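In: Show me the folded form of this:
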Amino acid sequence: MEVIDKKFVSLNNMMTRLRKKKCPPEGLLLLFPHCIQNSTCKQNIKHDINECIRCGKCKVKDLLELSEEYGISIAVASGGRVALKRVMAKEVQGVVAIACEKELRTGLMAAMPKAIYAIPNKRPYGYCVDTDVYMEDVLKAIEFFVKSYRKTHDKPALKKKTVAKKTPTTKKKTVAKKTPTAKKKTVAKKTPTTKKKTVAKKTPTAKKKTVAKKTPTAKKKTVAKKTPTTKKKTVTRKAPKSL
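Out: Okay, here's the model as predicted:
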């Protein structure tokens, strides 16, 4: 039965990693059993965890410091029903639960579909007496929830960066391409070519053709033919008939 409990816990953790549940620090709950407390300690942390004097004889001191560092809530699982009620609260979005495999299996089945990362404890003296836990596993589970949430909240900052990059590039490209090229092409091609063609072809040819052909021919023909013929005929014929 213990082998089945271990496989169930490992399968649950794999499914939690695949879900990639995002959780803010204030929405993450670190839940650990009261058997982690040293059996010789007289402080009653079941009702108030702040009564721990942090002597360092057990891992309660390390768990408290870890919760303060990341800003997450922490609680002691004094019983199954109390722990389930705390886990199923609306403000709790993710849970890092520390317990033995049997308690973890029953708790995971009752708290579905809540995102829970289960961490089996160490039992050097047997069940429910001076148990221990690997703090590296607890730290990895907390960072899985908290760091994934921080990355999603950095996305608005990435959007601001993209907006800042797009606006200058578009302005520079449109101004650099459109305005200079249009002015240089129109001025350089149109104005010089039209002036040179009209002045060179039309004005010289029109003046030379009209002056050379029309004026000399009209004067020579009229003077040579009309004046001599009329005078000779009138004088020779009319004078002898009247006498």
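In: ok, and the closest non-adjacent residue to D130?
Out: S39 (5.4 Å; C-beta to C-beta, 6 or more residues apart in numbering). The C-beta positions use only the backbone N, C-alpha and C, and glycine is treated the same way.
In: The one you found against C128, yeah?
Out: No - applying C-beta atoms under 8 Å as the test, S39 and C128 come out as separate, 9.8 Å apart.
In: quick one: the strands in the protein?
Out: 28-33, 73-77, 94-99, 115-120 (DSSP state E).
In: would you list the ones you listed in a markdown table and tack on mean neighbour count and mean pLDDT?
Out: Compiled in a markdown table, those are given as follows (neighbours: other C-beta atoms under 10 Å; pLDDT from 0 to 100):
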| stretch | mean neighbour count | mean pLDDT |
| --- | --- | --- |
| strand 28-33 | 23 | 95 |
| strand 73-77 | 19 | 93 |
| strand 94-99 | 26 | 94 |
| strand 115-120 | 22 | 94 |
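In: Indicate which one of these is closest to D132.
Out: strand 94-99 (10.0 Å; C-beta to C-beta).
In: Determine the angle, from 0 to 180 degrees, between the closest one and strand 73-77.
Out: Between strand 94-99 and strand 73-77, the angle comes out at 30 degrees (axes from the mean of the first three to the mean of the last three C-alpha atoms, to 10 degrees).
In: Could you spell out the sheet neighbours of strand 94-99, each with its direction?
Out: Strands adjacent to strand 94-99 in the sheet, as given by DSSP bridges, are strand 28-33 (parallel), strand 115-120 (parallel).
In: Thank you, goodbye.
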